[in-house]
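Below are the sequence and a predicted model for it; my questions follow.
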Amino acid sequence: MSGKLSFREQLERRENTGAECRAASDSPVSVVLRLCGEVQHPVTLIQTLASWGPGLRKSHEIVTRLVAGERVPVLLANAPEPVEVISTLARLGVAVNVPHPPAAVDVKAIRAKLGLSQKEFAARFCFDVGSVQNWEQGRYIPDPPTRILLKVIEQHPEAVEDVLG
């Protein structure tokens, strides 16, 4: 008799153990980690990160970078809700920032603040004039990376101009 179980037998055995699998959240959580003190339990921190997706080797690398004083961006594929991630890592000495793009950007106000026409604004920051018009008239909403760029233009237009030459 073979020692291997059929697929059905494996499923039945798993169901009979009463073990419940934690369902991962629907989408990955992007976070930026930084150390906010001394890591008292580095092994626990590594194991916690590894259970959320990066794996042991990558989690070890993340903790090494944190101890070196870096801010480390991490994509946690199997993490629980962001609130739980923040509280769990805070107990382990790690501060968590969950970056998110601005919800809305008033393109017309940004352009008016700079004293530019739609054509001038588009030319100065390499946008399509039609896109600027559509954003201002509410026909389209800029995608997240564009909203981030528009916020940078709003707060530091000279930085964008330096990059664009």
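The structure has been received and is ready for your questions. Residues are numbered from 1 along each chain as shown.

rest of the way, CA atoms for contacts and neighbours
Fine.

what phi and what psi does the backbone show at the most centrally placed residue in the chain?
The residue lying closest to the centre of the chain (CA atoms, centre = their mean) is Ser30, at 2.4 Å. Per-residue torsions, Ser30: phi -90, psi 130 (degrees, to the nearest 10).

Can you identify each of the strands in the protein by residue range?
Using DSSP state E, the strands found in the chain span residues 29-35, 72-76, 94-97.

okay, the longest one in CSV with CA atoms only?
Going back to what we said before, that points to strand 29-35. Taking Å, rounded to 0.1, in the frame of the first residue of the first chain, the C-alpha atoms of strand 29-35 are listed here in CSV:
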residue,chain,number,x,y,z
VAL,A,29,0.3,46.8,1.1
SER,A,30,3.1,49.3,0.1
VAL,A,31,4.9,50.7,3.1
VAL,A,32,8.1,52.6,3.9
LEU,A,33,9.8,51.4,7.1
ARG,A,34,12.3,53.1,9.3
LEU,A,35,13.7,52.3,12.7
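
so what strands line up beside it?
Strand 29-35 has the following strand partners under DSSP bridges: strand 72-76 (antiparallel), strand 94-97 (antiparallel).

The last one: how far from the chain's middle?
In terms of CA atoms, centre = their mean, to the nearest Å, the centre of strand 94-97 is found 12 Å from the chain centre.

Please work out the average pLDDT along that strand.
Averaging pLDDT along strand 94-97 yields 93.

in it, what counts as buried?
By neighbour count on 16 or more other CA atoms under 10 Å, the buried set for strand 94-97 is Val94, Ala95, Val96.

again with the longest one
Applying a neighbour-count criterion of 16+ other CA under 10 Å, the buried positions in strand 72-76 are Val72, Pro73, Val74, Leu76.

This completes my enquiry, with thanks.
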